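Q: Just the structure for this:
(4 chains)
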Amino acid sequence: MSVPTAEEIMTLVAARAVRDRQVCLVGDGLPAAAAHLARRLHAPTAVVVHESGAVDVRLRDDDPLTDSTVADRALTHLALGVLYEQWLQAGRVDLGFLGGAPGAQLDRYANIGSTVVGEYDEPTERLPGAGAAAEIAAWSGETVIVVRHRLRGFVEQVDFVTAVGHGTGPLDRGLLGLRGRGPARVITDLGVLEPDPQTAELVLTAVHPGVDVEQVRAETGWDLQVAPEVVTTPEPTDTELAALRTLHPAGTEESS
Amino acid sequence: MSVPTAEEIMTLVAARAVRDRQVCLVGDGLPAAAAHLARRLHAPTAVVVHESGAVDVRLRDDDPLTDSTVADRALTHLALGVLYEQWLQAGRVDLGFLGGAPGAQLDRYANIGSTVVGEYDEPTERLPGAGAAAEIAAWSGETVIVVRHRLRGFVEQVDFVTAVGHGTGPLDRGLLGLRGRGPARVITDLGVLEPDPQTAELVLTAVHPGVDVEQVRAETGWDLQVAPEVVTTPEPTDTELAALRTLHPAGTEESS
Amino acid sequence: MHAVSVRTVPKIVDLTTAVGELVHDGATVALEGVDQLVPYAAAHEIVRLRRRRLTLVRTASDQLTDQLVGAGCVDTLVFSHIAGPDGRPPARFLDALGHDWPAALRIEEHTHPAMAARYAAGAARVPFAVLRDTGTDLPQHTPTVATVRCPFTGSAVTAVAALVPDVTVVHAQRADRRGNVELRGPVGLQSDAVHAARASIVTVEEIVDDLEPAPGAVVVPGSVVTAVVAAPGGAAPSRVHGFYERDDAALQEWADVSADRDRLGTWLDALGGTS
Amino acid sequence: MHAVSVRTVPKIVDLTTAVGELVHDGATVALEGVDQLVPYAAAHEIVRLRRRRLTLVRTASDQLTDQLVGAGCVDTLVFSHIAGPDGRPPARFLDALGHDWPAALRIEEHTHPAMAARYAAGAARVPFAVLRDTGTDLPQHTPTVATVRCPFTGSAVTAVAALVPDVTVVHAQRADRRGNVELRGPVGLQSDAVHAARASIVTVEEIVDDLEPAPGAVVVPGSVVTAVVAAPGGAAPSRVHGFYERDDAALQEWADVSADRDRLGTWLDALGGTS
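A: So this is what the prediction gives:
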């Protein structure tokens, strides 16, 4: 088995966040791979719902993860209005994945800015915009954010709140009328951050093999808190890597 | 061909109201029979939509009109929310049929009361209620009302407005924000009434074979206006009756 | 508005367990299905288990409503049409409404489209839905209808309150072992009514290993279904597309029973005796 | 709100006729389809016919949006996400937004669920739809979002304005000769977008005598379709479920064209030359 890429590590760590029986809402790319990988490894009864509206997609053992297989193996396709209102907004999604769009900002309370950097009307950088991120962040039982860890994107406070994570502290989700626990972890190419139960501020709890804490601090634009015991992410097993590579037989797909 | 029943006459006259290419919304019973009969006789491209959500039901030549054939010959079935909002309320129905529930009231401006006779909280008679009649009356391009002509039901003013016909005069539909022409004709077992273009009040314009005008007046609870030239409904032809009886092979079905 | 509170794994149970665990005294219970797929077996189980003070939601009310009212299960009926085989409101409903027998009945009356919108709002967990005003007199008598102004156009529109049943009960052709459900033929408000509810019971003609939905079929995913019950014939004497036709004679016989308080009592005793 | 104004019989026409008659300068034009069924052939016809000052509605905006903006057809874009193959907003969009080239571009930005709700309200001909507030900053910048109070609960909810395009354009697998349309595979907002519009154009891979819809397919009845156009390959280089896969190389080539004003000019000249 060749050495895993950063993308593969992130996908495997994200997969470990998926538990049996959870309804998981995933976008294309890494989140979809993570959820389907989890079904093959440790969460065979997870219900994977794609943002395309494909519900309860059960890939067969040798199926690659493609638009065709997702469409063909879905129990049914929901109209997007039904997906957004009767599933997402209604609180039927247990676990939502949020990706970092290229250039997106993430702040110390796990709020996401994927609309603009700078002012809305005169941005220094225009980003892709919300998609369904605001609603996934607001209404999922919990969310997992998967994003590359770069100083430019890891900022003290996002310029534009596209999707609310923990707002400005532990009470904000409740005050805003949002549902669920919010971001339960942020998985990057360097490690894993989790909100402090008291303050809701992100704390570094794990680093990936070969990464040290100082490296993570250097890529973080605020005074990063570090857990007393930072664990090192277990190396992917051959079983995990083989399962992942069956999903992407042509090699790892870049995604975000 | 045996003598037509009153029900058959009403159905045939109602069928004549259906024109080619119209989108017709029908409930079970007489309206459905009228619309499918029209498709066999003179309006083969009429699009029949059932209140069940079955859209563009094209019965084959020898199909009887049953729940099964309607379901099987439908192009598709709309979710009722889509039927009500995106078709009816949105103004996609050209011709809506309104039946008289047993005991329902109809007044001189073709408003329908099918909720109660008397006061709502202490009715002298409780009727079935609105169903979708209020919306069919409000949003169809035009409506045809098919109802038995009895003194008890043909009243000066309905006690409870379940569905607005012409309100209290020719301007009311516009003032209320309703769509379309409203009731274009009322087809009874005695004859046909149509709104006066100036006053919107119902005027007797036709009597069925064997019925005279005085008989109609006697069953009408207001001073019924009569057209200068009251026509007599043409006798059903053998072709018409045969086509109708193919829809109801076991004989005429009672409906309302 | 609460988020969906029941998130147990769909499970296949018997009818007594499903109704016993999910339909409580005082609950708001929707039973949906028009003309076909009328959930009579589940309704009769509610009668057998002597549930009381229910708010019954049944958009197109019929003999199912009449039986639950006559059996004394219902104190409020939410509906938009009610008729028996003769097209008139059935006798037990009239007796309860007019003579408080066997108990007083309150009603909350809408139109079909308003009920559809109320379920859709409930399913989306927003507090109300928006419709256009038809001019009907109903809003004068129904507190769950109001007028709101559009913040963009200033125009007045009709608002109807969201409907979130404690449990919705429907009948379907089949389910698979994971609780996914398929409905064929004309389907009314069932999908929205199931999504709107805090819990749901689906009785089915048969349970299969894997669904093979027909074109145009409605599939309700198992994650919105709380309990699945195998109940072959569970919609009789109504129709089940692909399984059986409506039994007009049986419906007329029920109408005769309904017409008479004593015959209803006998009928209820017989029904109760089977539990 | 106006009632549906176009009620011509669906007809099968060529692409130039459909776009020429139904897409006018200054119109609000929705082109929908996400990942698959992207109506590229129709978009290119809009470019060829040099339509100007369009309000383009494209929820999940992509290279189709980029090409129409780069060609100078669009003065306002209504959207909720915009990305090219690299996940970033494409170059022609950025050039128009940031440097007014070839003309200034106004934007009206929402979330996907807000766009879905806007189409649904438009399709129902009510002036607004109701959502729950997510806390996003978008409403501060988007005038078609407002807050309203529920008349029943008093709670604040988010209202979004109905969207009624002058014409909606979508691509589908097939239509029959009466204009009934079938879409297979994941279908986004197409059905609501078609129902919301005053007129609609559907380009299809093939026209058949009679549809035989697959399980789960979406059928759009002919009475809501204004024009059907046979346009095999009309969604390439995007994907059409059951017909062809996405052509990543072609999409990348377009990204390279988009990156350079001059190359875009050459590309537009070539496109125009085919008309």
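Q: Please name every helix or strand in contact with the lengthiest strand in chain A.
A: Secondary structure of chain A read by DSSP state E shows that its longest strand is strand A:225-232. On a contact count with 3 or more Cβ pairs under 8 Å, 6 or more residues apart in numbering or on different chains; DSSP states H and E, strand A:225-232 meets strand A:202-207, helix A:213-218. From N, CA and C alone the C-beta is placed, and that goes for glycine too.
Q: CA atoms of the last one as CSV?
A: The C-alpha trace of helix A:213-218 is given here as CSV (Å, rounded to 0.1, in the frame of the first residue of the first chain):
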residue,chain,number,x,y,z
VAL,A,213,2.1,21.3,17.2
GLU,A,214,4.3,24.3,16.3
GLN,A,215,3.6,23.7,12.7
VAL,A,216,-0.1,23.9,13.4
ARG,A,217,0.3,27.1,15.4
ALA,A,218,2.2,28.7,12.6
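Q: Can you spell out which helices and strands pack onto it?
A: Here helix A:213-218 is seen to pack against strand A:202-207, strand A:225-232 when contacts are counted using 3+ Cβ pairs under 8 Å, 6+ apart.
Q: of all those, which lies closest to A:S52?
A: Comparing these against A:S52 with Cβ to Cβ, the closest turns out to be strand A:202-207 (30.2 Å).
Q: who does the host helix or strand of C:V229 pair up with?
A: With secondary structure defined by DSSP states H and E, C:V229 is part of strand C:227-230. The partner list of strand C:227-230 in its sheet, established with DSSP bridges, is strand C:11-12 (parallel), strand C:200-208 (parallel).
Q: Comparing those, which comes out most buried?
A: Each of the strands paired with strand C:227-230 was scored by mean neighbour count; the highest is strand C:200-208, a mean of 23, by mean count of other Cβ atoms under 10 Å in any protein chain shown.
Q: the helices in the stretch 151-256 of chain A, which residues?
A: Under the criterion DSSP state H, counting those that start in this stretch, helices of the stretch 151-256 of chain A are mapped to A:172-176, A:213-218, A:238-247.
Q: Let's have the helices and strands packed on helix A:213-218 in TSV, adding mean pLDDT.
A: Conversion of the helices and strands packed on helix A:213-218 to TSV gives the following (pLDDT from 0 to 100):
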stretch	mean pLDDT
strand A:202-207	98
strand A:225-232	97
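Q: coming back round to it: can you flag the weakest of the strands paired with strand C:227-230 by average pLDDT?
A: Averaged per stretch, pLDDT over those is lowest on strand C:11-12, reaching a mean of 92.
Q: could you point out which element follows it?
A: The element immediately downstream of strand C:11-12 (helix or strand, assigned by DSSP H and E) is helix C:15-22.
Q: ok and that following helix relative to strand C:200-208, angle-wise?
A: Angle, helix C:15-22 to strand C:200-208, by axes from the mean of the first three to the mean of the last three Cα atoms, to 10 degrees: 150 degrees.
Q: is stretch A:143-162 up against chain C anywhere?
A: No - contact between stretch A:143-162 and chain C is absent, the nearest approach being 14.9 Å (criterion: Cβ under 8 Å from any Cβ of the partner chain).
Q: Quick one: end-to-end distance for that stretch.
A: 15 Å (Cα to Cα, to the nearest Å).
Q: in that stretch, what's buried?
A: Along stretch A:143-162, the positions that meet the burial threshold by neighbour count (16 or more other Cβ atoms under 10 Å in any protein chain shown) are A:143-150, A:153-155, A:158-162.
Q: Looking at those, spot the one nearest C:A172.
A: Distances from C:A172 to those, taken as Cβ to Cβ, are shortest for A:T143 (33.2 Å).
Q: With mean pLDDT added, can I get the helices of the stretch 151-256 of chain A in CSV?
A: Putting the helices of the stretch 151-256 of chain A into CSV (pLDDT from 0 to 100) gives the following:
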stretch, mean pLDDT
helix A:172-176, 96
helix A:213-218, 98
helix A:238-247, 94
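Q: can you list those helices in a markdown table and add mean neighbour count?
A: Compiled in a markdown table, those are given as follows (neighbours: other Cβ atoms under 10 Å in any protein chain shown):
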| stretch | mean neighbour count |
| --- | --- |
| helix A:172-176 | 15 |
| helix A:213-218 | 15 |
| helix A:238-247 | 17 |
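Q: How far away from the center of its chain is the strand holding C:V229?
A: When distances are taken as Cα atoms, centre = their mean, to the nearest Å, strand C:227-230 is centred 16 Å away from the chain's centroid.
Q: can you list contacts of that strand?
A: Identification of contacts with strand C:227-230 by Cβ atoms under 8 Å, 6 or more residues apart in numbering or on different chains yields C:10-15, C:17-18, C:21-22, C:42, C:175, C:179, C:181, C:199-204, C:206-207.
Q: mind giving me CSV with the helices of the stretch 151-256 of chain A and columns for distance to C:A217?
A: Compiled in CSV, the helices of the stretch 151-256 of chain A are given as follows (distance: least, Cβ to Cβ, whole Å):
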stretch, distance to C:A217
helix A:172-176, 39
helix A:213-218, 51
helix A:238-247, 30
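Q: Helix or strand: which one has the spatially most central residue of chain A?
A: Taking Cα atoms, centre = their mean as the criterion, A:I145 is the residue nearest the geometric centre of chain A, at 3.0 Å. Secondary structure assigned from DSSP H and E places A:I145 in strand A:142-146.
Q: what packs against that strand?
A: Using 3+ Cβ pairs under 8 Å, 6+ apart as the contact criterion, the elements in contact with strand A:142-146 are helix A:6-16, helix A:30-41, strand A:95-99, strand A:183-187.
Q: Surely A:A15 touches A:A35?
A: Yes - using Cβ atoms under 8 Å, A:A15 makes contact with A:A35 at a distance of 7.3 Å.
Q: so where's the chain shaky on pLDDT?
A: Let's take chain A. A:250-256 (pLDDT under 70).
Q: nope, chain C please
A: Judged by pLDDT under 70, chain C has its weakly predicted residues at C:1-10, C:273-275.
Q: circling back to that earlier point, tell me which of the helices and strands packed on helix A:213-218 sits nearest to D:R48.
A: Between D:R48 and these, the tightest spacing by Cβ to Cβ is seen for strand A:202-207, at 51.2 Å.
Q: got the angle between that closest one and strand A:183-187?
A: Angle, strand A:202-207 to strand A:183-187, by the same axes, to 10 degrees: 50 degrees.
Q: Show me what strand A:202-207 is packed against.
A: When contacts are defined as 3+ Cβ pairs under 8 Å, 6+ apart, strand A:202-207 sits against strand A:191-195, helix A:213-218, strand A:225-232.
Q: Just checking: what are the partner strands of it?
A: Taking DSSP bridges as the criterion, strand A:202-207 sits next to strand A:191-195 (antiparallel), strand A:225-232 (parallel) in its sheet.
Q: Switch those strands over to a markdown table; also include mean neighbour count.
A: Compiled in a markdown table, the strands paired with strand A:202-207 are given as follows (neighbours: other Cβ under 10 Å):
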| stretch | mean neighbour count |
| --- | --- |
| strand A:191-195 | 24 |
| strand A:225-232 | 12 |
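Q: Name all residues that make contact with the nearest residue to A:G103 once chain neighbours are set aside.
A: Take A:G103 and drop its neighbours on the chain: the residue closest to it by Cβ to Cβ, 6 or more residues apart in numbering or on different chains is A:L127, 5.3 Å away. Taking Cβ under 8 Å, 6+ apart as the contact definition, A:L127 lies against A:A101, A:P102, A:G103, A:A104, A:G113, A:S114, A:T115, A:V116, A:V117, D:R88, D:P89.
Q: before we move on, what SS does the first one have?
A: Translated: A:A101. Classification of A:A101 by DSSP: H, G, I helix; E, B strand; the rest coil places it in coil.
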